[in-house]
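*Asks:* after the sequence you'll find the predicted model.
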Amino acid sequence: MVTMRRQGKIKIEVRADHNPPHFHVTSPDSDFMVDLQSFTVIRGSGLAPELAEAVEWARANATLLLAKWRQINDSE
């Protein structure tokens, strides 16, 4: 697991995990798994403002997140 960003209590993480490429948004009140192509929630629940803040950052840094996901998961 690699923490890509901390925003207050929110963490954006990339993990050695399954397809499709995705990232995790975690906080004491939220736990989401978000698709890296569509930025839709694959599963999870929590606070909408936390998710929105994380997705905004992730959209701006999608190339970085996808490269890290591929590196961790040995995928091209």
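*Replies:* It's in. Numbering: from 1, shown residues only.

*Asks:* hmm, residue 10 and residue 3 touching each other?
*Replies:* No. In this structure residue 3 lies outside contact range of residue 10 using C-beta atoms under 8 Å: 10.5 Å. (C-beta placed from N, C-alpha, C; glycine too.)

*Asks:* got the buried residues for stretch 1-11?
*Replies:* Using 16 or more other C-beta atoms under 10 Å as the test for burial, stretch 1-11 gives 4-5, 10-11.

*Asks:* just stretch 16-36 next, same as before
*Replies:* Of the residues in stretch 16-36, those with enough neighbours to count as buried (16+ other C-beta under 10 Å) are 17, 21-27, 30, 32-34, 36.

*Asks:* bridging residues for the residue nearest in space to the middle of the chain?
*Replies:* The residue lying closest to the centre of the chain (C-alpha atoms, centre = their mean) is residue 23, at 2.5 Å. Counting by DSSP bridges, residue 23 is bridged to residue 34.

*Asks:* dump the buried residues of stretch 1-11 into JSON lines; add distance to residue 71, secondary structure and pLDDT as well.
*Replies:* Converted to JSON lines, the buried residues of stretch 1-11 look like this (distance: C-beta to C-beta, whole Å; DSSP: H, G, I helix; E, B strand; the rest coil; pLDDT from 0 to 100):
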{"residue": "4", "distance to residue 71": "12", "secondary structure": "strand", "pLDDT": "97"}
{"residue": "5", "distance to residue 71": "16", "secondary structure": "strand", "pLDDT": "97"}
{"residue": "10", "distance to residue 71": "23", "secondary structure": "strand", "pLDDT": "97"}
{"residue": "11", "distance to residue 71": "19", "secondary structure": "strand", "pLDDT": "98"}
